[in-house]
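In: Show me how the following folds:
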Amino acid sequence: MIGYTTIGATDLERAKAFYDAVLAPLGGRRTLTYERSQYYGGPGRGAMLGVVLPFDGQAASIGNGVMVALTAESAAAVDQVHAAALAAGGTCEGPPGQRMDNFYGAYFRDLDGNKLCAFYTG
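Out: Residues are numbered from 1 along each chain as shown. This is a model prediction of the structure:
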């Protein structure tokens, strides 16, 4: 149902480097590239994540209660995403771990403060 979602960035080149590293363990790669945005997709056709300079020209800001969740193929991939996020300058919002019987997740913020979760259900 979701085609794509976007999150704001203050420095697009810096954001691309961050998401190149963070999305690699999920099979994420650059798909659509525009002057003010970079979109990422996984293997096959599915929802994309866009990192954008805000189109209204105002400063990028984070939303209260907004979080993007990224599906992983395994708990090990969740661990890799979280480690990549921290190594690329992100901050921990909750270390990798079992949250519910069938939900293994890790939470982090990107360089602009956007909150993301990598998770595996299995």
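In: ok, which stretches of the protein are strands?
Out: Taking DSSP state E to define them, one finds strands in the chain at 4-8, 29-34, 37-41, 48-52, 68-71, 91-100, 103-109, 115-120.
In: right, so of these, which gets closest to residue 79?
Out: Comparing the strands of the chain by their distance to residue 79 (C-beta to C-beta), the top pick is strand 91-100, with 4.9 Å. For glycine as for every other residue, the C-beta is placed from the backbone atoms N, C-alpha and C.
In: list the contacts for the residue nearest the centre of the chain?
Out: When C-alpha atoms, centre = their mean is applied to the chain, the residue found nearest the centroid is residue 116 (5.5 Å). Applying C-beta atoms under 8 Å, 6 or more residues apart in numbering to residue 116 gives the contacts 22, 67-70, 85, 107-110.
In: Please tell me how far it sits from residue 56.
Out: 23 Å (C-beta to C-beta, to the nearest Å).
In: go on, residue 99?
Out: According to C-beta to C-beta, residue 99 and residue 56 sit 36 Å apart.
In: Next: residue 106.
Out: Per C-beta to C-beta, residue 106 is found 32 Å from residue 56.
In: These two: who's more crowded?
Out: Comparing residue 106 with residue 56 by other C-beta atoms under 10 Å, the one with more neighbours is residue 106, at 27 against 6.
In: so what's the residue in the chain sticking out farthest from the centre scoring on pLDDT?
Out: What lies farthest from the middle of the chain is residue 101; by C-alpha atoms, centre = their mean that is 23.7 Å. Predicted confidence (pLDDT) for residue 101: 91.
In: i'd like the first residue to be 888 from this point on
Out: Will do, 888 is the new start, and the previous item becomes residue 988.
In: what's the distance between it and residue 939?
Out: 36 Å.
In: Look up how far residue 980 lies from the residue nearest to the centre of the chain.
Out: Distance of residue 1003 to residue 980, given as C-beta to C-beta: 8 Å.
In: Just give me the neighbour total for residue 972.
Out: Counted with other C-beta under 10 Å, residue 972 comes out at 26.
In: for it, what are its contacts?
Out: By C-beta under 8 Å, 6+ apart, residue 972 lies in contact with 905, 908-909, 995, 997, 1003.
In: how about 10 Å then?
Out: Contact analysis of residue 972 by C-beta atoms under 10 Å, 6 or more residues apart in numbering lists 905-906, 908-910, 978-980, 993-998, 1003, 1005.
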